[in-house]
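> Kindly return the folded structure for what I paste below:
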Amino acid sequence: MHKESSITVFFNSACPVCDAGISFQKKKMEACRVEWKDVHLHNDLVKTIDADLEFVRERLHVIDESGQLHIGYNAFIAIWHHSPNERWKAKLSSLPVVLPVLNMIYNAFAKVLYQWNRSKRHG
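As a prediction, this is how the structure comes out:
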């Protein structure tokens, strides 16, 4: 029997929007092998991916089954690829005409959300 590989998701629970999204995703992926790493509660976790804490707070980071790091919207694709009921999202989002647009939208949204969180002192 093939044993499912694990992925690791680095997220920021201090952001209410991010925390709600991760909580929702966790429920959808209860049967999947995922390590959820909260960089707000454990700042030192960013050392394992050699990243800046503020950048990880701003953008989702995922290490996939093969050890590759995915950042931002590509991290969502890695999560969806790992979730049996959401693989279609990963395929659709990865299309060459779609991915650049989604990356641009995600990066702009993440930047604004991060600035809002900082202004509200959400850690």
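
> where along the chain do the strands fall?
If DSSP state E is used as the criterion, the strands of the chain fall at 7-11, 34-38, 61-63, 69-71.

> Export those to CSV and append columns for mean neighbour count and mean pLDDT.
In short, each C-beta sits where N, CA and C put it, glycine included. Formatted as CSV, the strands of the chain follow (neighbours: other C-beta atoms under 10 Å; pLDDT from 0 to 100):
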stretch, mean neighbour count, mean pLDDT
strand 7-11, 23, 98
strand 34-38, 16, 98
strand 61-63, 23, 98
strand 69-71, 18, 98
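
> Low-confidence stretches in the protein?
Applying pLDDT under 70 to the predicted model, the residue ranges of the chain that meet it are 1-4.

> TSV for the strands of the chain, including distance to L102?
As requested, those are exported to TSV (distance: least, C-beta to C-beta, whole Å):
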stretch	distance to L102
strand 7-11	18
strand 34-38	22
strand 61-63	15
strand 69-71	13
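
> okay, stretch 40-59 in CSV with CA atoms only?
What follows is the C-alpha trace of stretch 40-59 in CSV, where atoms were taken according to Å, rounded to 0.1, in the frame of the first residue of the first chain:
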residue,chain,number,x,y,z
HIS,A,40,3.4,33.5,15.0
LEU,A,41,3.6,31.1,18.0
HIS,A,42,7.0,29.7,17.1
ASN,A,43,9.1,32.4,15.3
ASP,A,44,12.2,30.1,15.1
LEU,A,45,10.4,27.9,12.6
VAL,A,46,11.4,30.2,9.8
LYS,A,47,15.0,29.0,10.3
THR,A,48,14.1,25.6,9.0
ILE,A,49,13.3,27.2,5.6
ASP,A,50,16.0,29.9,5.8
ALA,A,51,13.4,32.7,5.5
ASP,A,52,12.7,36.1,7.0
LEU,A,53,10.0,36.0,9.6
GLU,A,54,8.2,39.0,8.2
PHE,A,55,8.1,37.5,4.7
VAL,A,56,6.7,34.3,6.0
ARG,A,57,4.1,36.3,7.9
GLU,A,58,3.2,38.0,4.7
ARG,A,59,3.1,35.0,2.4
